[in-house]
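> Return a 3D structure for these sequence lines:
(one chain, ligands or ions: 2)
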Amino acid sequence: MSIPELYGMLGSSMVMQRVFALITQAARTNYPVLITGATGTGKEMAARAIHQLSKRAKNPFVVINCGAIAENLVESELFGHEKGAFTGAIKQHIGKFEQANSGTVFLDEIGELPLAMQVKLLRVLQESTIERVGGRGTIKLDVRVVAATNVDLEEAVETGRFRDDLFFRINVFNVHLPRLKDRGEDILLIARHFLEEERRRMGLSRLSFSTEAIVALQAHSWPGNVRELKNRIRQAIALKSGDSNGPGVIDPKDLGLFVRSSDKTVHGEVGILPLREARARAEKDAVLKALSLTGNNISKAAKLLEISRPTLHDLINKYGLREK
Ligand SMILES: Nc1ncnc2c1ncn2[C@@H]1O[C@H](COP(=O)(O)OP(=O)(O)OP(=O)(O)O)[C@@H](O)[C@H]1O
Ligand SMILES: [Mg+2]
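Ligands and ions are numbered 1, 2, ... in the order given. Predicted coordinates:
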């Protein structure tokens, strides 16, 4: 069976399937895209996927980390400069936008862009032309803009740190990446995939998660999202590969994770849940599956589950399954 993915982004959950559909749709257009999501959720991967799926795939994909450039150099980095434009400009410099001509520019951490640069960027987006610092005229460009942020730009607009006109300009198409903990089955899908990939790369013979590790992976809140998952698995493999008994089985402690007491029975056995929790999990899974099968159609999903629509709505609320 092939693994559900989009340019390396793994995901079989309903929420990620929806993200993949949005990315595919966005890639067919030339509109600016704003990718939002917490740290480590795959914003850069999504930006690359949009580029790869677009007609521009063979042309450059240029990354600009807006938060990493000194404020006085941002303009020259983005738009370039002519020789002698300022002290230290000893030769002509081609900026990132020009380098990205006919391709895609990825403005990472766009919320960090200084206000003065926001005005200039807005003009570039409106007119599709740039001016090099110290340059005489404008240069016509064909660049597709994809931006990403992990700060709430709407809030930044309200507090005056981000221009509303630029926000509207870049937010034509919004792709929101959910947190890993809200991706259900994807946690294990990604974990197993990374484990297998690393196992092969390290030339190890066998390596698997213990039942306890599987429970712990599902219970953890993943504040660092997919990046954290990758790092924990790497760390676990590093610990295991030095093990004289051979690699073998990964336990929660190898992942730096701890099993919650509610995951244990009174006998201290892991993998058996109190019946109340087991029922709740089974109920949640059934609802998720029904929604997924019916493409989120409440009436059809309720019919599948043999419950009423209001009951289904209650369950969706109870388990926080509603998309914001
Ligand atoms: N769906 C996914 N499947 C597999 N790997 C993923 C997925 N999403 C993210 N990753 C991996 O997780 C790591 C973080 O991804 P990425 O750099 O795209 O996140 P980001 O949202 O840009 O993070 P940050 O906000 O910290 O810049 C990368 O190693 C990436 O390969
Ligand atoms: Mg990033």
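> contacts, neighbours, all on C-alpha from now
OK.
> Who are the packing partners of the strand or helix carrying Asn317?
Assigned by DSSP states H and E, Asn317 belongs to helix 309-318. When contacts are defined as 3 or more C-alpha pairs under 8 Å, 6 or more residues apart in numbering; DSSP states H and E, helix 309-318 sits against helix 275-293, helix 298-305.
> Any idea which helix or strand in the chain has the lowest mean pLDDT?
In the chain, no helix or strand scores lower on mean pLDDT, DSSP states H and E than helix 275-293, which sits at a mean of 83.
> for that helix, packing partners?
Against helix 275-293 (3+ C-alpha pairs under 8 Å, 6+ apart) you get helix 298-305, helix 309-318.
> Spell out the secondary structure type for Leu229.
helix (DSSP: H, G, I helix; E, B strand; the rest coil).
> What's the local residue count around it?
23 (other C-alpha atoms under 10 Å).
> Now do the least confident helix or strand of the chain: everything it contacts.
Residues outside helix 275-293 that contact it (C-alpha atoms under 8 Å, 6 or more residues apart in numbering) are 14, 296-298, 301-302, 304-305, 312, 315-316, 319, 321.
> how about the helices and strands packed on helix 275-293 in JSON lines, adding mean neighbour count, mean pLDDT and distance to Arg183?
Formatted as JSON lines, the helices and strands packed on helix 275-293 follow (neighbours: other C-alpha atoms under 10 Å; pLDDT from 0 to 100; distance: least, C-alpha to C-alpha, whole Å):
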{"stretch": "helix 298-305", "mean neighbour count": "17", "mean pLDDT": "91", "distance to Arg183": "19"}
{"stretch": "helix 309-318", "mean neighbour count": "14", "mean pLDDT": "86", "distance to Arg183": "15"}
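> closest one to ligand 1 among the ones you listed?
helix 309-318 (24.0 Å; C-alpha to the nearest ligand atom).
> Please export the C-alpha coordinates of that closest one as PDB.
C-alpha atoms of helix 309-318 as PDB (Å, rounded to 0.1, in the frame of the first residue of the first chain):
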ATOM      1  CA  ARG A 309     -27.700  14.500  13.500                       C
ATOM      2  CA  PRO A 310     -27.900  16.500  16.800                       C
ATOM      3  CA  THR A 311     -26.200  13.500  18.600                       C
ATOM      4  CA  LEU A 312     -23.400  13.600  16.000                       C
ATOM      5  CA  HIS A 313     -23.100  17.400  16.500                       C
ATOM      6  CA  ASP A 314     -22.800  16.800  20.200                       C
ATOM      7  CA  LEU A 315     -20.100  14.100  19.700                       C
ATOM      8  CA  ILE A 316     -18.200  16.400  17.300                       C
ATOM      9  CA  ASN A 317     -18.200  19.100  20.000                       C
ATOM     10  CA  LYS A 318     -17.400  16.700  22.800                       C
END
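> Contacts for it next, please.
284, 287, 298-299, 302, 322.
> Ignoring the adjacent residues along the chain, who's closest to Thr138?
Counting by C-alpha to C-alpha, 6 or more residues apart in numbering, Thr138 lies nearest to Glu131, which is 4.8 Å off, once chain neighbours are set aside.
> Sweet, I'm off.
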